[in-house]
Every structure is written in C-alpha cells, then in structure tokens.
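pasting the structure only:
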Ligand code: 5GP
Ligand code: ZN
C-alpha cells in the first residue's frame, strides 16, 4: 500500500527502531511509547484491521503470536506484558495496517 505508514516502515522508506524481523513479520518500537517498553508487531503484508483477517492473513497473525514469547523475552519482559489491538476508528485505531501493541516494563492496572 503506497501511503500506509507501516508499509513504508516495512519497505525501509521510514526509519524504525527494529526489534525483530523475518520474511513475514516486523517488530519495532512505538515512536510515542505509552510504557517503558512499547513495541508494535505487524505482518509485512498490508491488512487494514482485525476485522479484515481471512484464512490467508491469519497465517501471519499466527506467526506474530508464535514469535511474541521470544520477542518479549528478548525485550526483558519476563515479569509480564500486555498485548493490545485496536480495531477500527471507534476503538482508537489510528494506523490502518494491523498491529499489536506490546506494552511492558511496568505494572499495569486491570483493564476492566
Ligand atoms: P493505534 O492507535 O492505531 O492502535 O496505534 C498506532 C501506533 O502507531 C501509535 O501508538 C503510534 O504512536 C504509532 N506510530 C504512528 N506512526 C508511527 C511511526 O512512524 N513510527 C513508529 N515507530 N510508530 C508509529
Ligand atoms: Zn500497510
């Protein structure tokens, strides 16, 4: 996708602080961290949001979750971390390339 910020990061057109990368997924630090550690994990393929996941894109989403244990271990989040995904503008999504926030490095209050 030509104008998508995260596709531009995947293509290297916008710099990012990369934490993990393979042929399918990319993990980098959020530019505006909301916790001491704030990572974003994305599929390299452009999928706008969670409600667009289909059988094909689900493979990449599965891969993201397969890699979260090693990514978070590498980031020193052994005590625990929070994963957040906003789906749609109504839920607060601002970048329409599916992504999972990994937040850690502090104790969180319950969400509900
Ligand atoms: P959303 O609100 O869509 O769930 O999350 C989008 C996240 O992307 C925000 O936390 C925002 O700080 C982050 N973000 C937006 N633009 C950039 C960028 O160019 N680089 C990085 N590293 N993060 C970005
Ligand atoms: Zn994209």
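Good, I have the coordinates. Owing to the predicted nature of the structure, the values given are computational and were not obtained by experimental measurement. Numbering: from 1, shown residues only. Ligands and ions are numbered 1, 2, ... in the order given.

so who does the residue positioned nearest the centre of the chain touch?
In the chain, the centroid-proximal residue (C-alpha atoms, centre = their mean) is residue 41; its distance is 2.4 Å. Residues in contact with residue 41 (C-beta atoms under 8 Å, 6 or more residues apart in numbering) are 20, 25, 26, 27, 64, 67, 68, 71, 99, 100, 102. Yep, even glycine has a C-beta here, placed from its N, CA and C like the rest.

I'd like to know which of those residues is nearest to ligand 1.
Ligand 1 has its nearest neighbour among those in residue 99, at 6.3 Å by C-beta to the nearest ligand atom.

Quick check: the gap between the nearest residue to residue 84 once chain neighbours are set aside and residue 13.
Of all residues not flanking residue 84 in the chain, residue 101 sits nearest, at 4.2 Å (C-beta to C-beta, 6 or more residues apart in numbering). Going from residue 101 to residue 13 by C-beta to C-beta, to the nearest Å gives 22 Å.

Out of the contacts of residue 41, which sit inside helices?
Counting by DSSP state H, the part of those found in helices is 64, 67, 68, 71.
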